[in-house]
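Enquirer: Quick one, structure for this:
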Amino acid sequence: MSENRMTPPAEGQEKDVLLVLDKQQGKVSAVKGFDKEGNLQTVPPIQGGEFMQVDRNGDIISNLVANFYRKFQDTEGLALFRCKASEVEQDAKAIEDNHRNPTPEGDKRTEALRVPKPDNPESKQGYRFDPAKIDWESLKKVGITADTLKNTKDFDRVMRGYKSRNTYTVSGTVGGFYLRPTDVKLSFYQAKDGTIVPKLHGVQQDEKLLQRPYNGHEFSKQEQGNLQHIGNLGSVVQITDPKSGGQIPVFISRDRYTHELEYMRADKWKCPDSVCGVKVSPEQKAAFEAGKAVKMENLQFKDGTKRSAYLQVSAVERGLEFLPRSAVQALQQGQQPTQRQVAGVKDEKGVEFNGHVQPGAQGKSPDKVRPKDVTPAAESRTQVAVNTEGKTNEATKQTQEPLKQGQDKSTAKQKEKQEKTQDKDLKADKPKKSRGLKR
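Expert: Below is the predicted model:
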């Protein structure tokens, strides 16, 4: 925008220009500035062009670089360079040529011009939470460390306020309660007192969750099917804002692993202009903004291939996501996909149970399917709830033994054994009568 452009340098005063390489198109442009919405504006790198020029040693270029990586921190298809304003055409051509046909000499020249991505952990570019204010020692007690998150590339994601993509096995004492080994996703939130609190997202087995109103919205049968088999509602609906009590338009999605429902305001989301080097048409934008799934053609991926894929707005991912294979199958069929049945999976007590593989694990080979990847069949739900999750109900509370396959209540022998154990414990605790002192 015009306020971001600077006047040409005075004679003898050297200025710098920022160049951006679009790796997919192999094209270099000069940075003109940012518009009011923070989008990058570029122009051809022609001598005397209307591009931004800044002092080589000034703070403006440092701030601009920081803003660039904050805005495009999730984009791997762009590279940033800086060069003298007087050499903009030659350097832009050298960068393009070396991108198409790399040579040792070309690599050396472009590396000298490349602007490194800020890697100072204290800069917290784009972070919603300050890593230094997180109680890592408490998280370490249940099995999660900052290094664990960095190794799985979830660190930046959770610091920006998102839920982790990966699951982590946790166990130990949390808030005075013992947590049995279980797989969870991780996120953080800020409490009223300003402290940053970790939240562990375990798998929810509540099958009636979709049958109940969600912040005032009742899901239709079609919407329930979309959430269960695709992961996204497929439309924009009105819900009651938990904070203000007013009505707000939202996208709703269901986490494919934890089964949690999440929403994202539709009026706050902005559709990108392009995806993987392909421009989003006005019709596609309208469909995305309405919550629909859209098939895009000739997407240019990092491995150099061009493929088509279905994308849809996800409240879990806080933006567009590539739909997994199982979701695409459900979308194309317009009905529940055939679920892969499994038998002989063992619960935590070593007792076998039957079930079906969850959508997110449909692509795994049989020997790679783990118990957490399987939703228990109806006849095995109570067994898994008791043996693996440590839950009890009125029918099972009188047994401390593992439930057998398909068992949903205590047997007569288990009840009798438990009652005898309780009687024995009571007698052991009962004080003996005093016989007095012998003379």
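Enquirer: so where's the stretch 1-150 of the chain uncertain?
Expert: Low-confidence segments of the stretch 1-150 of the chain, defined by pLDDT under 70: 1-14, 36-39, 55-77, 116-125.
Enquirer: Tell me where it has strands.
Expert: Along the stretch 1-150 of the chain, the stretches classed as strands by DSSP state E, counting those that start in this stretch are 15-22, 27-34, 40-43, 54-55, 78-84.
Enquirer: Please compute how far the third one lies from its chain's middle.
Expert: Put simply, strand 40-43 sits 30 Å off its chain's centre (C-alpha atoms, centre = their mean, to the nearest Å).
Enquirer: which residues sit in contact with the most centrally placed residue in the chain?
Expert: Closest to where the C-alpha atoms of the chain average out (C-alpha atoms, centre = their mean) is Arg165, at 4.1 Å. Contact analysis of Arg165 by C-beta atoms under 8 Å, 6 or more residues apart in numbering lists Thr152, Asp154, Arg157, Lys185. To be clear about C-beta, it is placed using only N, CA and C from the backbone, and glycine gets the same treatment.
Enquirer: Just the ones in strands from those, please.
Expert: Mapping those onto strands (DSSP state E) picks out Lys185.
Enquirer: where does His356 fall, phi/psi-wise?
Expert: Dihedral pair for His356: phi -130, psi 150, per degrees, to the nearest 10.
Enquirer: just Pro44 next, same as before
Expert: Note on Pro44: its backbone torsions stand at phi -60, psi 140 [degrees, to the nearest 10].
Enquirer: List the residues that contact it.
Expert: Counting by C-beta under 8 Å, 6+ apart, Pro44 touches Ser29, Ala30.
Enquirer: what do you get for Asn98?
Expert: Asn98 makes contact with Gly106, Asp107, Arg109, Thr110 under the criterion C-beta under 8 Å, 6+ apart.
Enquirer: Save those residues as JSON lines, and put in neighbour count and distance to Val197 too.
Expert: Converted to JSON lines, those look like this (neighbours: other C-beta atoms under 10 Å; distance: C-beta to C-beta, whole Å):
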{"residue": "Gly106", "neighbour count": "16", "distance to Val197": "50"}
{"residue": "Asp107", "neighbour count": "11", "distance to Val197": "47"}
{"residue": "Arg109", "neighbour count": "16", "distance to Val197": "49"}
{"residue": "Thr110", "neighbour count": "20", "distance to Val197": "45"}
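Enquirer: Most widely separated two among the residues you listed?
Expert: The span of these, defined through C-beta to C-beta, is set by Asp107 and Arg109 at 7.4 Å.
Enquirer: how close does the residue nearest to the centre of the chain sit to Leu233?
Expert: Using C-beta to C-beta, to the nearest Å, Arg165 is found at 21 Å from Leu233.
Enquirer: again, but for Leu80
Expert: Distance from Leu80 to Leu233, counting by C-beta to C-beta: 38 Å.
Enquirer: same deal with Asp273?
Expert: According to C-beta to C-beta, Asp273 and Leu233 sit 24 Å apart.
Enquirer: quick one: which of these two has more around it?
Expert: Ranked by neighbour count (other C-beta atoms under 10 Å), Asp273 and Leu233 place Leu233 first, with 27 against 9.
Enquirer: Next, the contact list for the more buried one, please.
Expert: Leu233 neighbours (C-beta under 8 Å, 6+ apart): Phe219, Glu223, Asn226, Leu227, Phe251, Ile252, Ser253, Gly291.
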